[in-house]
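Asks: Just need the structure, nothing else, for what follows:
(one chain, ligands or ions: 1)
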Amino acid sequence: MNPNNPLQQYFRQPAIYIKLPSQGKYYPSSTLDPSVTGEYPVYPMTAIDEITYRTPDALFNSQATVNVIQSCVPGIKDAWQTPAMDMDTILVAIRIASYGHNMEFGTQCPSCKAESDRSLDLRLVLDGLKAPDYSQCIKHGDMEIYLRPMTYKNLTDNSQMQYENQKLLQMLPTADAPEADKMTAMTAALLKITRITIKALAQSVALVKTPTAMVSEPEFIEEMLNNCDRVLFNQIRDQIVTLKDQAEMKPLHMICDECNHEYDQQLTLDMSSFFAPAS
Ligand SMILES: [Zn+2]
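Replies: Next comes the predicted model:
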């Protein structure tokens, strides 16, 4: 920005300040620049941010999200390193800063199919977001396993890999192919998918402590997951899933006006619905 521009006072100002659920843990050093109080100012989106964010291209979306976060929350210098537990807080805060704290959304009763419009105070959503406790370790024999949240980069890479998995399964030979070919293709596909799953789990393991070693090298951890027994594997996987679920937004509990049917609706933070302007 040009410090001589007399129009500077008309530039956007921070609309709200947030605390990160992670309290800044898990970010590499120098990726964060908090205010003196430890809070982060959140600016409304510029017109360019809004256009960036609404470009409907799945591959482009993650980069757009990163660009918009770094534009609206300049205290986060590399949004790819954001731990998963902070993402909802940041996106909800940008939504509040840009369009206000009321969000209108549509709902349809799964029982009587009646449609209605509701509104939600996003400040309550912000207050309800909690950080999972990653300080507890998994104990297995004389081994202690410490987990860490995935970064936004990990999450993006994993959903890209999952997309490729689905393509892999779709490409399996059709019903009229010889039985042996089908088996070979299926086995190869499943093996590849298992490898990808293990890679994703390995990213969530920060440290393995044994009586004789402290191991944090991803390649060693991945090798252990490939070769350990299923009890240990499932113990690690289940704990990763539990911690991940704790960080996620709880679904909204809805009661139908027409038939009083009660149901849960998951609030989505995807580009098209969440960032459609409130106007
Ligand atoms: Zn109903």
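Asks: List the contacts of M161.
Replies: M161 makes contacts with 196, 199-200, as judged by Cβ atoms under 8 Å, 6 or more residues apart in numbering. From N, CA and C alone the C-beta is placed, and that goes for glycine too.
Asks: so what pLDDT did the residue nearest the centre of the chain get?
Replies: Closest residue to the average C-alpha location of the chain: A84 at 4.5 Å, with Cα atoms, centre = their mean. A84 carries a pLDDT value of 91.
Asks: Out of the contacts of M161, which is nearest to L155?
Replies: Nearest to L155 among these is A200, at 9.3 Å by Cβ to Cβ.
Asks: Quick check: phi and psi on that closest one?
Replies: The phi and psi values for A200, taken as degrees, to the nearest 10, are phi -70, psi -40.
Asks: One more: R118?
Replies: With angles defined as degrees, to the nearest 10, R118 sits at phi -130, psi 170.
Asks: Can you tell me the element M87 falls in?
Replies: helix 84-99 (DSSP states H and E).
Asks: Can you name the next helix or strand after that helix?
Replies: strand 102-108.
Asks: quick check: angle from that next one to helix 84-99?
Replies: Angle of strand 102-108 versus helix 84-99, following axes from the mean of the first three to the mean of the last three Cα atoms, to 10 degrees, is 110 degrees.
Asks: what packs against strand 102-108?
Replies: Helices and strands touching strand 102-108, as assessed by 3 or more Cβ pairs under 8 Å, 6 or more residues apart in numbering; DSSP states H and E, comprise strand 115-121.
Asks: Work out the sheet partners of the strand it packs on and label each with its direction, please.
Replies: Applying DSSP bridges, strand 115-121 is found paired with strand 102-108 (antiparallel).
Asks: what are the ranges of the strands in the chain?
Replies: Under the criterion DSSP state E, the chain carries strands at the ranges 16-18, 40-42, 102-108, 115-121, 138-140, 143-147, 205-209, 214-215, 252-255, 262-265.
Asks: The residue of the stretch 151-279 of the chain found nearest the ion: neighbour count?
Replies: Relative to the ion, the nearest point of the stretch 151-279 of the chain is C256 (3.1 Å; Cβ to the ion). A total of 18 residues lie near C256 under the criterion other Cβ atoms under 10 Å.
Asks: Q265 is in contact with that one, correct?
Replies: No: checked against Cβ atoms under 8 Å, the pair C256 and Q265 is beyond contact range at 11.1 Å.
Asks: Save the contacts of M161 as TSV, and put in pLDDT, distance to the ion and neighbour count too.
Replies: Shown next, in TSV, are those (pLDDT from 0 to 100; distance: Cβ to the ion, whole Å; neighbours: other Cβ atoms under 10 Å):
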residue	pLDDT	distance to the ion	neighbour count
I196	82	41	17
K199	87	44	17
A200	86	39	18
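Asks: Let me have those residues in a markdown table, extended by distance to K77.
Replies: As requested, these are exported to a markdown table (distance: Cβ to Cβ, whole Å):
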| residue | distance to K77 |
| --- | --- |
| I196 | 30 |
| K199 | 27 |
| A200 | 26 |
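Asks: and which of the residues you listed is nearest to A189?
Replies: For those, the nearest to A189 is I196 (10.8 Å; Cβ to Cβ).
Asks: Against L168, how distant is that closest one?
Replies: Using Cβ to Cβ, to the nearest Å, I196 is found at 10 Å from L168.
Asks: Would you check that Y43 makes contact with A97?
Replies: Yes: with contact defined as Cβ under 8 Å, Y43 reaches A97; the gap is 6.2 Å.
Asks: Neighbour count: these two, which is higher?
Replies: Each of Y43 and A97 has its neighbours counted (other Cβ under 10 Å); A97 has more, 23 against 19.
Asks: How about the contacts made by the residue lying closest to the more buried one once chain neighbours are set aside?
Replies: Distance criterion Cβ to Cβ, 6 or more residues apart in numbering; nearest residue to A97, sequence neighbours excluded, is A15 at 3.7 Å. By Cβ under 8 Å, 6+ apart, A15 lies in contact with 42-44, 96-98.
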